[in-house]
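Student: Here is my input; please provide its structure:
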Amino acid sequence: MAGEELAFSSVTELARQIQAKRLSPVELTEASLERLKRLDPKLLAVITLTEERARAEARQAELEIGKGRYRGPLHGIPYGLKDLFDTKDIRTTWGIKYNENRVPAEDATVVRKLRDAGAVLVAKLSMGELARGARWFGGATRCPWDPTRSSGGSSAGPAAATAAGMVGFAIGTETMGSLVGPCATNGVSGLRPTYGRVSRAGAMTLGFTIDKVGPLCRSVEDCNLVFDAIRGVDPRDPSTVDVPHRWDSRASPAKLRVGVVEEEFEGLRDENVKRVMQEALGAIERLGVSLKPIQLPDYPYNSVFEIVRGAEAAVFFEDLITDDHLATLSDNAARAWKNLLPVARVIPAVQYLKGQQVRALMQADAVRLMETVDVWVAPAGGPAGPAEGAPAASPAPARPAGPARPAPRTSNFTNLTGLPVVCVPAGFVEGLPVGIQFVGRSFDEASILTLAQAYQRATGWHTRHPKLE
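Tutor: Next comes the predicted model:
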């Protein structure tokens, strides 16, 4: 394996080659580092290359595998990490200039688990400032399918790097669309697990009752491999729970009860996006699945989210607010953090508690809804919009009217209730990816993985990759 084939191979295939000793973890890591260096000037997806650590971990992996001590499918696989996870002796910036030289003393739990699985950390990847948007202190991250377009936010770097074949997989986070959205606009597969499945210990907090951690990969099967390595109880994160996860990758989706949020599909403004989504629904039905129309409950989602997330973010970022470090942020938009956080800091406790009461009602409604279906489907977002600061010589074309972000009601409901989601590519509009998402009941990642993989195998959209020089 060499060149483009190596860069875009799935973790599943790379693992087979490594286990059989036909592929060297050292050579694979060097290929990843070379691609990161060569392509990043166009994409601005890398905040820190972790070359020294990567080479040491790759050499260790090769030595262990040579001696017959194979740790599993992530052993020797190079990966990238959203730059809000602490890494020992390697800077973790949260995407802001103020933290440009912040160096943690220990690894986040997710980083430790991946190290134990033998994965090789090659890069800390870009994120929007304090996990908002695609702009960080080094610029705005671009979409590999068209570098005049935005990668989306806030898991911008993980999505772009995975799509561009710069890493075998990446780890991102979501509070409201930050993983699903970039997966859709960059044409990669992503799993946003149930809230509490994966530890956030050692990670920047945006909303401590909302934040989720998940993998961005080139296939659904890869997502499951990474999820298996990072899930589980962690004493450092009291929100984590001990719930088994068993998934048979050969399972048929035919027995699944599948719902469709028709209003999300009918509300699409761009006819090309709508056509792609209708074709996706047709492909799902051809799997032997009957689609049942469902409606999501009506709540003041945006208000609840802004109150809960705002108050929780203000607690975590209090030092930035009170010490006037918000002035160092580069985003000056009206709804940028430098303007939102001072207001969030004075949200009344009564409003915050009322917001949590409404979330409890949402949770009860989610349980009732998931008694009628096992999975439901909705648009996931795309195509990508124009990148901020695109080169004047190559201006970004006007973005089609389709949503660059996930379907709003599905995103709000699933994030506030903590339901799991798998996002996969569903087609292209004017050469840019569009995604679809599969939602399941809490702690039943297996059902959404089954339907998503069956769809992926039937359509093959995930096998297409951007051409980058």
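Student: ok, and the closest non-adjacent residue to residue 326?
Tutor: residue 338 (4.2 Å; CB to CB, 6 or more residues apart in numbering). For glycine as for every other residue, the C-beta is placed from the backbone atoms N, C-alpha and C.
Student: residue contacts, that neighbour?
Tutor: Taking CB atoms under 8 Å, 6 or more residues apart in numbering, we find residue 338 in contact with 326, 327, 329, 331, 332.
Student: ok, the fourth one touching residue 135?
Tutor: Spelled out, it's residue 331. Yes - contact criterion CB atoms under 8 Å: residue 331 and residue 135 qualify, at 5.8 Å.
Student: Any chance you could list residues touching both of those two?
Tutor: In contact with both residue 331 and residue 135: residue 129, using CB under 8 Å, 6+ apart.
Student: out of the two, which sits in the more crowded spot?
Tutor: Remark: of residue 331 and residue 135, residue 135 carries more neighbours, 27 against 19, as counted by other CB atoms under 10 Å.
Student: quick one: residue 70 is in a helix?
Tutor: No - the assignment for residue 70, made by DSSP: H, G, I helix; E, B strand; the rest coil, is coil rather than a helix.
Student: Low-confidence regions, the stretch 301-450 of the chain specifically.
Tutor: 390-405 (pLDDT under 70).
Student: any idea how far residue 206 is from the most centrally placed residue in the chain?
Tutor: The centre of the chain sits closest to residue 179, judged by CA atoms, centre = their mean, with a distance of 2.9 Å. Counting by CB to CB, to the nearest Å, the gap from residue 179 to residue 206 is 12 Å.
Student: joint contacts of the two?
Tutor: residue 173.
Student: Name the single longest helix found in the chain.
Tutor: Counting by DSSP state H, the longest helix found in the chain is helix 349-369.
Student: After it, which helix or strand is next?
Tutor: Counting by DSSP states H and E, the element after helix 349-369 in chain order, helix or strand, is strand 375-381.
Student: Tell me which helix or strand comes right after that following strand.
Tutor: For strand 375-381, the following helix or strand on the C-terminal side (DSSP H and E) is helix 408-417.
Student: ok now that next one, how far from the chain's centre?
Tutor: In terms of CA atoms, centre = their mean, to the nearest Å, the centre of helix 408-417 is found 15 Å from the chain centre.
Student: Check what contacts that helix and list those residues.
Tutor: Outside helix 408-417, the residues touching it (CB under 8 Å, 6+ apart) are 174-177, 180, 210, 212, 261, 263-264, 296-297, 299, 301-302, 304-305, 308, 359, 362-363, 365-366, 376, 378-379, 405, 419, 421, 437, 439, 442.
Student: Just the buried subset of those residues, please.
Tutor: Using 16 or more other CB atoms under 10 Å as the burial test, the contacts of helix 408-417 include 174-177, 180, 210, 212, 261, 264, 296, 299, 301, 304-305, 308, 359, 362, 365-366, 376, 378-379, 405, 419, 421, 437, 439, 442 as buried.
Student: Tell me if I am right that residue 269 is in a strand.
Tutor: No - judged by three-state DSSP, residue 269 forms no part of a strand; its state is coil.
Student: one step back: inside strands: which ones of the contacts of helix 408-417?
Tutor: 174, 212, 261, 376, 378, 379, 421, 437, 439 (DSSP state E).
Student: Return the member of those nearest to residue 269.
Tutor: Of all these, residue 379 has the smallest distance to residue 269: 11.3 Å, by CB to CB.
Student: okay, now the closest residue in space to the closest one that isn't next to it in sequence: neighbour count?
Tutor: Nearest residue to residue 379 in three dimensions, chain neighbours excluded: residue 407, at 4.6 Å (CB to CB, 6+ apart). As a burial measure, residue 407 scores 27 neighbours (other CB under 10 Å).
Student: Please consider this matter closed, and thank you.
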